[in-house]
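Student: model this:
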Amino acid sequence: MKIGYFCNATNWENNKSYDQILQEVREIATYCDENEWDSIWFTEHHFSHEGMEICPNPLLLSSDIAARTKKIRIGQAASIITFWNPIRVAEDIALLDQLSNGRVEAGIGRGIYGREALNMNADADMKDQAKNFRLFEETLTIMKKAWTEKFFNHKGEFYTYPAPNFEWQHDMSPPSSDFMNIEKRILEKLRIVPQPVQKPHPPLWQVVDSPSSIEWAAKQDINVIMWIPPVQSLKKRFEIYQKAKAEKENRHVELGEGISVVRDMFVANTMEEAKEKAGEQMVNYMRWVCHWRGLGTHMNPGEELPKTDHKLDLLSYEFLHERNMLFGTVDYIINKIEEMESVLNLKNLQVWSNFPGVKHNDCMNSIKLFTEKILPHFKNKAKSKIKAAS
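Tutor: Now for the predicted structure:
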């Protein structure tokens with residue numbers, strides 16, 4: 001199993017300077033790089049003056065981390081490509097792949113918050129899901145063209161490249177039918193510089209939840225990242241991905257192939273200590289997230305919740321803990337991860353501890369306990385499986 005750190009930068013109630021936040025993120029990243037974590041992932045969010053999610057550009061932050069690390073792979077979970085110019089994001093990911101010597105995991109998303117979408121790109125407005133998806137699909141199509149074709153063009157609903165009827169003539173740019181109509185001197189194709197190190201492009205990951213998104217990603221050869229659902233609900237989602245990918249590629253696909261799960265994690269010496277140091281902070285973060293989502297994503301198959309006056313009345317540490325939290329002792333967390341291995345054939349896991357309001361020292365202690373006591377357990381299991389198979 002590959003294990004990464006999901007580094008969603010936060011600053012609840014804005015009690016830290018942004019420089020302090022950056023130093024804390026850098027400490028987490030360099031520690032993980034030096035201690036055999038497989039990857040680290042950064043998110044994209046905008047306008048969060050409340051401090052819940054405060055990284056507006058995961059690619060720029062990834063570039064900073066690439067310069068400070070040597071081995072760890074660097075992912076985005078995700079770059080919200082509906083907010084970006086397609087060529088710009090393709091160029092930036094390619095440049096990051098060059099800067100990191102081919103360590104990029106290119107996570108992409110459609111966006112979930114209306115405040116962000118409407119103000120970053122009116123065409124990405126979450127109130128029109130169909131249009132948002134068409135924009136996402138077209139943006140990704142252009143990105144792939146830019147990465148894989150020597151010269152490319154595109155004409156779609158939202159974007160046309162190159163701009164029509166642009167006359168190109170320059171003494172230092174020899175005319176070529178590769179990219180222009182020589183007779184009319186009209187530019188017909190473009191080429192981005194640089195191209196990615198990884199071919200045909202960095203691995204693609206999409207943050208997904210709905211069955212339609214899961215199936216679509218599988219058919220587009222995109223890996224997926226899932227977060228909240230409990231194990232049995234994840235299994236149904238895993239099976240949707242497995243079936244769609246097998247049909248697309250006409251081969252047997254193992255359950256768990258191409259899927260990563262994010263889990264909220266806090267390791268402590270006792271169960272009580274984990275709750276005391278990070279429980280309230282995690283519940284508070286979920287209040288933020290579930291304001292839009294409700295509690296449906298947390299449900300087990302067939303489960304029905306009792307009716308309450310407000311949609312989040314049932315949200316508590318106890319409600320969350322039994323469903324999807326890796327909060328507690330080393331043994332408890334190992335058992336919960338092994339459950340996911342057993343039920344889901346889990347191959348990729350991302351965990352995070354720097355929840356809004358958690359003290360940085362407590363976060364680092366959790367990460368270090370995970371590194372020293374839990375990571376070796378699964379690394380050794382993986383080595384044993386490889387040895388047994390050889």
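Student: Tyr5 pairs with what?
Tutor: Beta bridges link Tyr5 to Ile40, Val351 when assigned by DSSP bridges.
Student: Just the C-alpha atoms of stretch 7-18, please, in PDB.
Tutor: Presented in PDB, the C-alpha positions along stretch 7-18 are these (Å, rounded to 0.1, in the frame of the first residue of the first chain):
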ATOM      1  CA  CYS A   7      -1.900  18.500   3.600                       C
ATOM      2  CA  ASN A   8      -5.000  20.700   3.600                       C
ATOM      3  CA  ALA A   9      -3.600  24.000   5.000                       C
ATOM      4  CA  THR A  10      -6.000  25.700   7.500                       C
ATOM      5  CA  ASN A  11      -5.900  28.700   9.800                       C
ATOM      6  CA  TRP A  12      -9.200  28.600  11.800                       C
ATOM      7  CA  GLU A  13     -10.000  32.000  13.300                       C
ATOM      8  CA  ASN A  14      -6.900  33.400  11.500                       C
ATOM      9  CA  ASN A  15      -4.800  33.100  14.600                       C
ATOM     10  CA  LYS A  16      -1.500  32.500  12.700                       C
ATOM     11  CA  SER A  17       0.400  34.600  10.100                       C
ATOM     12  CA  TYR A  18       0.400  33.100   6.600                       C
END
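Student: I'd like to know the average pLDDT value across it.
Tutor: For stretch 7-18, mean pLDDT rounds to 93.
Student: Can you classify the nearest residue to Pro301 once chain neighbours are set aside by secondary structure?
Tutor: Of all residues not flanking Pro301 in the chain, Gln232 sits nearest, at 5.5 Å (C-beta to C-beta, 6 or more residues apart in numbering). C-beta coordinates here come from the backbone N, C-alpha and C atoms, glycine included. Here Gln232 takes the helix state, with states given by DSSP: H, G, I helix; E, B strand; the rest coil.
Student: can you pull the contacts of Gln232?
Tutor: 300-301, 343 (C-beta atoms under 8 Å, 6 or more residues apart in numbering).
Student: got CSV for the residues you listed, with pLDDT and neighbour count too?
Tutor: Below are the contacts of Gln232 laid out as CSV (pLDDT from 0 to 100; neighbours: other C-beta atoms under 10 Å):
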residue, pLDDT, neighbour count
Asn300, 95, 12
Pro301, 95, 10
Val343, 98, 15
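Student: Now for the closest residue to Tyr161 other than its chain neighbours, how many residues are close by?
Tutor: Using C-beta to C-beta, 6+ apart and skipping the chain neighbours, the partner closest in space to Tyr161 is His154 (4.8 Å). By the measure other C-beta atoms under 10 Å, the count of residues near His154 is 18.
Student: OK, contacts around His154?
Tutor: By C-beta under 8 Å, 6+ apart, the contact set of His154 is 141-142, 145, 160-161.
Student: In PyMOL, how would I select just the buried ones from those residues?
Tutor: Per 16 or more other C-beta atoms under 10 Å, the buried members of the contacts of His154 correspond to this PyMOL selection:
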select buried, resi 142+145+161
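Student: Next, check the contacts of His154 against the helices and list the overlap.
Tutor: 141-142, 145 (DSSP state H).
Student: Which of those sits closest to Cys290?
Tutor: Closest approach between the ones in helices among the contacts of His154 and Cys290, by C-beta to C-beta: Thr141, at 33.1 Å.
Student: Correct me if wrong: the closest one contacts Phe158.
Tutor: No - using C-beta atoms under 8 Å, Thr141 is not in contact with Phe158; the gap is 10.5 Å.
Student: Would you pull up how far stretch 264-277 lies from the middle of the chain?
Tutor: Relative to its chain's centre, stretch 264-277 lies at 25 Å (C-alpha atoms, centre = their mean, to the nearest Å).
Student: what does stretch 31-39 give?
Tutor: Averaging C-alpha positions (C-alpha atoms, centre = their mean) puts stretch 31-39 18 Å from its chain's average.
Student: Quick check: buried residues in that stretch?
Tutor: For stretch 31-39, the buried set under the neighbour-count rule, 16+ other C-beta under 10 Å, comprises 31-33, 37-39.
Student: who's in contact with the most centrally placed residue in the chain?
Tutor: When C-alpha atoms, centre = their mean is applied to the chain, the residue found nearest the centroid is Ala77 (1.8 Å). Applying C-beta under 8 Å, 6+ apart, we find Ala77 in contact with 6, 41-43, 58, 107, 109, 205, 207, 225, 262, 350.
Student: Filter the residues you listed down to the buried ones, PyMOL style.
Tutor: Per 16+ other C-beta under 10 Å, the buried members of those correspond to this PyMOL selection:
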select buried, resi 6+41+42+43+58+107+109+205+207+225+262+350
